[in-house]
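1. next comes the sequence, and after it the predicted model I'd like to discuss.
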Amino acid sequence: MSGGDADLRLAVTGAGGRMGREVIEAAADREGVAVAVAVNRTPTDPVAGVAVEGADRLDELLAAAEPDALVDFTGPESAVAYAEACADAGVPMVTGTTGFADAQLAGLRAASEAVPVLKASNFARGVAALRRAVREAAAALPGYDVELTETHHNAKRDAPSGTAKSILGDVESVRDDLDERVHGREGDAPREAGEIGVHARRAGDVTGEHEVLFAGNRESIELTHRAGDRGVFAEGALDAADWLADRDPGWYGFGDVLDADGGDAGQ
Ligand SMILES: NC(=O)C1=CN([C@@H]2O[C@H](COP(=O)(O)OP(=O)(O)OC[C@H]3O[C@@H](n4cnc5c(N)ncnc54)[C@H](OP(=O)(O)O)[C@@H]3O)[C@@H](O)[C@H]2O)C=CC1
Ligand SMILES: O=C(O)C1=N[C@H](C(=O)O)C[C@H](O)C1
């Protein structure tokens, strides 16, 4: 499928994965959007009528199809390789992949010197709202203990989640007295000043949940986001691709898309 008449022609990597499939299905349901290129590392049957090619053919497929943007949900190593392919082909890249090491992030940033690259740990609009609320609560509750719990399906590889790391960064940007992330506790482990507790649960088919607890001595509040299904991430990624297609080379986040939408993402 070339999607010749579509307003937004996409390439999708990781097309056989949970999120890749979701993106292709969301694109099929959205008017004016077509998937011109879909690749997967492992040979895979067509998804929503879109043929899935081997990822080793990505360079030639990008050159032939010239898509408006590529949407990637894979793994850190492949995301960096695909960013290099995008830079070579002049294709803007949206990536929702998480779990990057610092050196891999530098690889993504290098690609953003040639093409626009938008990276987001979570494409749910509700998570953007959660993060605003967390920053506000952190500022309003100095000295309160903060503990973050995230829950995901039992096949998730990276822990804590990319979203959890983003939220931790939000709290730390407001609370400079919190400087030690404690991943679970065991044994004689009373809470020390400066700690943020981080707890990653993996169970069943949970799509994704993030809960931030602020507790003082006589009161506490919990801020929670629950993703109902992966479609919410796919829709956000398509919004991001649509927005990114016309941008100049550079480094962007989902907050840029939401700000342009009239929201106040502040991410
Ligand atoms: N930002 C957001 O809103 C969201 C982000 N995510 C993130 O997206 C990523 C993918 O999640 P999900 O779809 O659930 O994962 P899946 O395991 O279902 O799919 C991963 C896909 O990436 C491919 N892949 C993985 N590693 C490599 C590699 N080294 N080289 C080439 N291809 C590779 C897999 O290919 P193969 O089939 O051959 O294994 C598969 O197609 C994760 O990092 C996850 O955290 C997930 C949901 C929302
Ligand atoms: O792997 C997932 O499933 C998810 N990953 C993202 C993350 O690591 O934050 C976003 C979402 O929570 C689902």
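-> Looks like it arrived, so ask away. Ligands and ions are numbered 1, 2, ... in the order given.

2. how close does Arg226 get to Asp246?
-> According to C-beta to C-beta, to the nearest Å, Arg226 and Asp246 sit 33 Å apart. To be clear about C-beta, it is placed using only N, CA and C from the backbone, and glycine gets the same treatment.

3. which one's more surrounded, the two?
-> Neighbour count, other C-beta atoms under 10 Å: between Arg226 and Asp246, Arg226 has more, with 13 against 10.

4. what does stretch 193-202 rub up against?
-> Stretch 193-202 is contacted from outside by 145-154, 156, 159-161, 164, 168, 171-172, 177-185, 191, using C-beta atoms under 8 Å, 6 or more residues apart in numbering.

5. how about that stretch and ligand 1, touching?
-> No - applying C-beta under 6 Å from any ligand atom, one finds stretch 193-202 out of contact with ligand 1, separated by at least 12.1 Å.

6. before we move on, what about stretch 86-106?
-> Yes - remark: stretch 86-106 sits within contact range of ligand 1 at Gly96, Thr97, Thr98, Gly99, by C-beta under 6 Å from any ligand atom.

7. filter the residues you listed down to the ones near ligand 2?
-> Thr98.

8. how about stretch 225-233: buried residues?
-> His225, Ala227, Arg230, Val232, Phe233 (16 or more other C-beta atoms under 10 Å).

9. next one: stretch 88-104
-> Applying 16+ other C-beta under 10 Å to stretch 88-104 flags Ala89, Val91, Pro92, Met93, Val94, Thr95, Gly96, Thr97, Thr98, Gly99, Phe100, Gln104 as buried.

10. now do the same for the last one: helix, strand or coil?
-> Reducing the assignment at Gln104 to three states with DSSP: H, G, I helix; E, B strand; the rest coil gives helix.

11. would you agree it is in contact with Pro76?
-> Yes - contact criterion C-beta atoms under 8 Å: Gln104 and Pro76 qualify, at 4.7 Å.

12. for the stretch 151-267 of the chain, which residues are neighbours of ligand 2?
-> His152, Lys156, Ser161, Gly162, Thr163, Gly208.

13. OK, contacts around the last one?
-> Taking C-beta under 8 Å, 6+ apart as the criterion, Gly208 is in contact with Asn122, Ala124, Glu150, Thr151, His152, Ser161, Thr163, Arg226, Ala227.

14. just checking, the last one touches Phe123?
-> No - because the distance of 9.8 Å does not satisfy C-beta under 8 Å, Ala227 is recorded as not touching Phe123.

15. overlap of the contact sets of these two?
-> Phe233.

16. the helix or strand where Thr224 lies: which residues count as buried?
-> Per DSSP states H and E: Thr224 is located in strand 220-226. Going by neighbour count (16+ other C-beta under 10 Å), the buried part of strand 220-226 is Leu223, His225.

17. tell me which strands and helices that strand is in contact with?
-> Applying 3 or more C-beta pairs under 8 Å, 6 or more residues apart in numbering; DSSP states H and E, one finds that strand 220-226 contacts helix 125-140, strand 209-215.

18. that strand vs strand 209-215, what angle?
-> Interaxial angle, strand 220-226 versus strand 209-215 (axes from the mean of the first three to the mean of the last three C-alpha atoms, to 10 degrees): 170 degrees.

19. and the average pLDDT for strand 220-226 is what?
-> Mean pLDDT, strand 220-226: 98.

20. is ligand 1 contacted by that strand?
-> No - figure legend: strand 220-226 not in contact with ligand 1 (C-beta under 6 Å from any ligand atom); closest approach 11.5 Å.

21. who touches the next helix or strand after that strand?
-> Proceeding N to C from strand 220-226, the next assigned helix or strand is helix 231-244, under DSSP H and E. Here helix 231-244 makes contact (C-beta under 8 Å, 6+ apart) with 8, 10, 19, 22-23, 25-27, 30, 33, 68-69, 71, 73, 92-94, 96, 116, 118, 120, 122-126, 227, 252, 254, 256-257, 260-261.

22. perfect, that will be all.
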